[in-house]
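[1] Fold the following.
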Amino acid sequence: MDNFRITALGRRFGLSRSTLLYYHRIGLLRPSGRSEADYRLYSNADCDRLARICAFREAGISLDDIAKLLDNDTPQGPILERRLREVGQAVTALKSQQRVIAGMLKTAASGPDAAGLDRTLWLELQRACGLDATALRRWHTEFECRAPAAHHAFLLRLGLSEKEATEVRMLTRNIENNTMSMHYFFELFEGLPRQGPGCEDATLQALRLLKHLPANPVVLDIGCGSGLQTLTLARELKTKILAIDNHPPLLRRLDQAARDAGLSVETQEMSMIDMPFNPEHFDLLWAEGSIFIIGLTRGLQDFRKYLKPGGYLAFTEMCWFEADPPAKIRTYLNRVYPDIRSMARICELAEEHGYALVDSFKLPTSAWWNDYYTPMLARIQALKEKNAGISEADAVYAACEEEADMHRRHCASYGYGFFVMQKQ
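    Next up, the predicted model:
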């Protein structure tokens, strides 16, 4: 007869030692004997009993009822029938919640004025449907994975600002369990030279591809951040650059840098969604590391109307460099950026939306480190001392360190592509 010590038994059934000790304490599962060293020993019969306990627990039956079910003198039918009714009631409630949420989405899709759905009503409906914080996070995470542009639009219809909507999306996209506080995120990223991968050499390489750009072009830098690329555009094109972003501290940094360099840059705090510009107004739209906010498909579609005939769109986007990347990085990116595509597919998508590819190229590895990951990791170490013991801050830093480590180990599999397109 086989005998199992508590650790081996727990490993066999996927249970912790503390769980098995608790089952012992309440009399649900006692060891059949002890070893000479006084270790608990569980027999095959004990294993069979534990298998039944696990099956009942999987069915959602309480430990008190399981104890009764294991008692041969207690009829099992009434307990199982009661549990079946409870499950049926729960299924009915979930279906009701599903119908309510589907109705809310349908209503919201008709527009904010017709919907009458604001954040107060949304919160009241959540409570009425029994959606707790965990369930709501799952809902937003699934929405973000399946339809990021629709998720963003839905949040705006609730009355959230562009910045608030972006924060909700980043919370659901970037950090498991959503424990991140955006305060610590902005505290980290506001002080960096860039808020994403990029380098001056790549900006210059893309500029050299604009063979038919007119003199004194009308240029819009979308999601400019702290604006290192904006300064390069202003210097090289010798024209005024309009730069928009939804985070004022970064715009103030860019204003000061442009003044110091004597360059013509106008900044505006503005969302990239439904921009208030006339159709066919710009010769060049520039979006380094920002088109992901609106979603590539919607960005290609929406931005096109602002371009003059033959105007250029230049953007960077994360993409696969390998057809079959390792499982670890594939799983990670499917969690944090499920929209990732191959460079070839991005070019096809642009052509489907009325652009001709001028050229595309990969950003060098240095574009990820010199102005982004290296200063970010150094700043994290300083902020860890300042914010020691704050779990929300720790979650931000852990996620960013994981991102940098993933790129360090898998940079051959993915990265940023730079794409220059011309409106057809």
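[2] Got the phi and psi for residue 318?
    Residue 318 has phi and psi values of phi -70, psi 140 when expressed as degrees, to the nearest 10.
[3] which residues touch it?
    Residue 318 sits next to 292, 333, 337, 340, 414-417 when contact means Cβ atoms under 8 Å, 6 or more residues apart in numbering. For the C-beta atoms, the positions are set from N, CA and C on the backbone; glycine is no exception.
[4] Which pLDDT value goes with it?
    Confidence at residue 318, expressed as pLDDT, is 96.
[5] Also residue 61?
    Reported pLDDT at residue 61 in the predicted model: 88.
[6] tell me the SS of residue 271?
    Here residue 271 is coil, with the state taken from DSSP: H, G, I helix; E, B strand; the rest coil.
[7] Show me the shaky parts of this structure.
    1, 92-120, 122-138, 141, 145-146, 149, 157-181 (pLDDT under 70).
[8] Tell me how it divides into domains.
    For the chain, the structural domains run 6-74, 93-178, 200-423, going by automatic domain parsing.
[9] picking up where we left off before, can you add distance to residue 234 and secondary structure and give the contacts of residue 318 back as a markdown table?
    Conversion of the contacts of residue 318 to a markdown table gives the following (distance: Cβ to Cβ, whole Å; DSSP: H, G, I helix; E, B strand; the rest coil):
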| residue | distance to residue 234 | secondary structure |
| --- | --- | --- |
| 292 | 24 | helix |
| 333 | 34 | helix |
| 337 | 30 | coil |
| 340 | 31 | coil |
| 414 | 31 | strand |
| 415 | 27 | strand |
| 416 | 22 | strand |
| 417 | 24 | strand |
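[10] residues touching residue 341, list them.
    Contacts of residue 341 by Cβ under 8 Å, 6+ apart are 296, 317, 319-320, 349.
[11] Show me those that map onto helices.
    Among the contacts of residue 341, the members found in helices (DSSP state H) are 296, 349.
[12] and which of the contacts of residue 341 is nearest residue 409?
    Checking these against residue 409 by Cβ to Cβ gives residue 320 as the nearest, at 15.5 Å.
[13] Please work out how many residues are found near the nearest residue to the closest one once chain neighbours are set aside.
    Leaving aside its sequence neighbours, residue 320 sits nearest to residue 342 (Cβ to Cβ, 6 or more residues apart in numbering; 4.8 Å). Other residues lying near residue 342 total 15 when counted by other Cβ atoms under 10 Å.
[14] and the gap between residue 342 and residue 413?
    From residue 342 over to residue 413 the distance is 11 Å, taken as Cβ to Cβ, to the nearest Å.
[15] Thanks a lot, see you next time.
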